[in-house]
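Novice: Only the shape, not the letters, is given here:
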C-alpha cells in the first residue's frame, strides 16, 4: 500500500517522520531536564545514546529486517574517500561563508525584525552549553537525514537533481515558518537548504552536510547566548554605502566564486573515485573468470 502513495507525498512524509522524531524526543528530554533538575545535564547524554541507536536504525540495523535495505538506501550516509571529504567541507564551508556575508548585506538593504532574546540566565552553565551543542547536532542530523536523505534522494532518482533540490529546499524553507513568516528569512532558509542539497548530491552522502549544518547551528546558538544584540546598522538607503558594506559585498562575490570552483573539484574527485570503483569491480570479475577457467 505504501508504494501506491505518490512519490512526492511518500518522500515528504518520510522527511517529516525522520526529522520530527529527533525534534520531539529532544524537546521532551530537554524540557523535562530544565523543569525538574536543571543543575544535572542528563538530557544531553541521554539524547546522544538515542541518536546513536536512531542513526543505526536509519542505516538499516534492527527490526523490521524487511525494510533494512530501504532504510539504508534512503538515508544516503555513504562513507567517502579523503579527497571527497576535503572538497565537500571546502565547497560547503565556503558556500556557508558566502551566504553569511550575504545575510549581513541583506540587513543593510531591508529592515529585519529583531527576534526576542531568550532568557537563559536561570539555566546553569553545566546544563546550558551541552544543551545548545546537542540542539545543533539534533537539527543537523535530523534535518539532513530527513530532507537531504529520505526526501531528496528518491526525488533525485525520479526527477533529477535540479528538481529534487528545488522541491526539497523549498519544503525545508517552509518548514521553518515556525520561526516567523518573514519572507527574506524564508528565502535564506531555502537557500541554505539548496546548499546542503547540492552538497549531498555532489558528494553522494549526507554526512558532510550534517557536519556543516550542525557546526553552523552551534555557532549561531552560542553566539545568540554569549553576545548581546547590537543596534542594527542604518539601511544603505538612509546612510549611503560605507566601506564595510563594500567589503561584505566583495566577500559574497569572492567566497561564492571560490565555492563554485570547489564544488567543481568535488564533482571531479567523486568521479575519480567512481571510476576507480568501477575499475576495481571489473578487475574482480576478470579474476573470478580466470579462476573459473
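Specialist: Received the coordinates, thanks. Owing to the predicted nature of the structure, the values given are computational and were not obtained by experimental measurement.
Novice: Please make it C-alpha for all contacts and neighbour counts, starting now.
Specialist: Will do.
Novice: So for residue 90, what's the nearest residue that isn't a sequence neighbour?
Specialist: Nearest non-adjacent residue to residue 90, counting by C-alpha to C-alpha, 6 or more residues apart in numbering: residue 262, 6.5 Å away.
Novice: check contacts around that neighbour.
Specialist: The neighbourhood of residue 262, defined by C-alpha atoms under 8 Å, 6 or more residues apart in numbering, consists of 87-88, 90-91.
Novice: if you set the cut-off to 10 Å instead, what comes out?
Specialist: By C-alpha atoms under 10 Å, 6 or more residues apart in numbering, the contact set of residue 262 is 86-95, 256, 268.
Novice: Can you say which two of those residues are spatially most distant?
Specialist: The span of the contacts of residue 262, defined through C-alpha to C-alpha, is set by 256 and 268 at 18.7 Å.
Novice: which of the two has more neighbours?
Specialist: For residue 256 versus residue 268, the count of surrounding residues by other C-alpha atoms under 10 Å is larger for residue 256: 21 against 16.
Novice: tell me the contacts of the closest residue to the more buried one other than its chain neighbours?
Specialist: Leaving out its chain neighbours, the residue that sits closest to residue 256 by C-alpha to C-alpha, 6+ apart is residue 98, at 5.3 Å. Neighbour list for residue 98: 92, 104, 248-259 [criterion: C-alpha under 10 Å, 6+ apart].
Novice: where in the stretch 151-293 of the chain is pLDDT low?
Specialist: Along the stretch 151-293 of the chain, the parts satisfying pLDDT under 70 run over 275-293.
Novice: Sketch out the helices for this protein, chain order is fine.
Specialist: According to DSSP state H, the chain carries its helices in the segments 7-36, 43-58, 68-75, 82-109, 125-143, 152-159, 161-175, 183-203, 207-226, 236-239, 243-292.
Novice: what helices or strands is the third one leaning on?
Specialist: This means helix 68-75. Secondary-structure packing of helix 68-75 (3 or more C-alpha pairs under 10 Å, 6 or more residues apart in numbering; DSSP states H and E): helix 7-36, helix 43-58, helix 152-159.
Novice: Please name the residues that touch residue 173.
Specialist: 185-194.
Novice: same thing but at 8 Å, please
Specialist: Taking C-alpha under 8 Å, 6+ apart, one finds 186-190, 193 in contact with residue 173.
Novice: Give the burial count for the closest residue to residue 111 other than its chain neighbours, as a bare number.
Specialist: Leaving aside its sequence neighbours, residue 111 sits nearest to residue 235 (C-alpha to C-alpha, 6+ apart; 7.3 Å). If you count neighbours by other C-alpha under 10 Å, residue 235 ends up with 16.
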